[in-house]
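> curious how this folds, go ahead:
(2 chains)
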Amino acid sequence: IAGITQAPTSQILAAGRRMTLRCTQDMRHNAMYWYRQDLGLGLRLIHYSNTAGTTGKGEVPDGYSVSRANTDDFPLTLASAVPSQTSVYFCASSDGGTGFNEQFFGPGTRLTVL
Amino acid sequence: QKEVEQNSGPLSVPEGAIASLNCTYSDRGSQSFFWYRQYSGKSPELIMSIYSNGDKEDGRFTAQLNKASQYVSLLIRDSQPSDSATYLCAVATQGGSEKLVFGKGTKLTVNP
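Coordinates of the predicted model:
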């Protein structure tokens, strides 16, 4: 593994189903983030974690949950998917300890909720 | 509400020209500024970061920051068709694990 990986690459999901998007980084970064990107709306932060064991809400957290059991993994769960959650989801990470906040992105997951 | 504004474009320049991308931000407490490049269907890629007023050069890219005017720009010299992408401006209010606010991006097309 080099950098950030996300799985699955894409997924078509029936409304009402539960879905977990996976994100793993091997850079030992403290902070991790989940964004969604929609045409015309740009990148919007869903949830973040400054360090293992802590999480926080971003701009659009409703309908999503996260956990941060360890440094490397930061899964995003949709408990009951709705069509408005159709989007491209990006996971990102940053060192968070140097005073700066350069974030590096994973390849993304394209999710379609029907 | 912290906002980051970019010209929506699209911006079209001929090959070899200078492309100028602009960004303004609303939060005067912002300290860290970033430019990301995003090719169609791909994830954002960090290309420049700037933290102090003035210019920062890296190859064909120059980032310019003016905190008094709350303005940050990216210049691409000798533009190449491979520079055609959407450029995202991002602003953080504090150092460390602080959240970024992204602009909606400017789509750049470099014509051969």
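> so which residues of chain A form strands?
Here chain A has its strands, by DSSP state E, at A:4-7, A:10-13, A:19-25, A:31-38, A:42-49, A:56-57, A:64-66, A:76-78, A:87-94, A:104-105, A:109-113.
> any idea of the angle the last one forms with strand A:87-94?
Angle of strand A:109-113 versus strand A:87-94, following axes from the mean of the first three to the mean of the last three Cα atoms, to 10 degrees, is 150 degrees.
> so what pairs up with the most centrally placed residue in chain A in the strands?
Residue closest to the mean C-alpha point of chain A, counted by Cα atoms, centre = their mean, is residue A:34 at 2.8 Å. Legend: beta-bridge partners of residue A:34 under DSSP bridges are residue A:47, residue A:91.
> on that earlier part again, could you dump the strands of chain A to JSON lines with mean pLDDT?
Below are those laid out as JSON lines (pLDDT from 0 to 100):
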{"stretch": "strand A:4-7", "mean pLDDT": "97"}
{"stretch": "strand A:10-13", "mean pLDDT": "97"}
{"stretch": "strand A:19-25", "mean pLDDT": "98"}
{"stretch": "strand A:31-38", "mean pLDDT": "96"}
{"stretch": "strand A:42-49", "mean pLDDT": "94"}
{"stretch": "strand A:56-57", "mean pLDDT": "93"}
{"stretch": "strand A:64-66", "mean pLDDT": "98"}
{"stretch": "strand A:76-78", "mean pLDDT": "98"}
{"stretch": "strand A:87-94", "mean pLDDT": "96"}
{"stretch": "strand A:104-105", "mean pLDDT": "96"}
{"stretch": "strand A:109-113", "mean pLDDT": "98"}
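> hang on, the earlier thing: and the residue nearest to the centre of chain A, what does it touch?
Each residue near residue A:34 by Cβ atoms under 8 Å, 6 or more residues apart in numbering or on different chains is listed here: A:21, A:23, A:45-48, A:58, A:64, A:66, A:74, A:76, A:89-92. Placement of C-beta: from N, CA and C, glycine included.
> residue A:66 too?
A:34, A:46-47, A:49, A:55, A:74-77.
> what is the nearest of those to chain B?
Proximity of the contacts of residue A:66 to chain B (Cβ to the nearest Cβ) peaks at residue A:49, which lies at 8.6 Å.
> and for the closest one, the neighbour number?
When counting by other Cβ atoms under 10 Å in any protein chain shown, one arrives at 22 neighbours for residue A:49.
> leaving out the residues flanking it, which one is nearest to it?
Spatial nearest neighbour of residue A:49, chain neighbours left out: residue A:68 (4.1 Å); criterion: Cβ to Cβ, 6 or more residues apart in numbering or on different chains.
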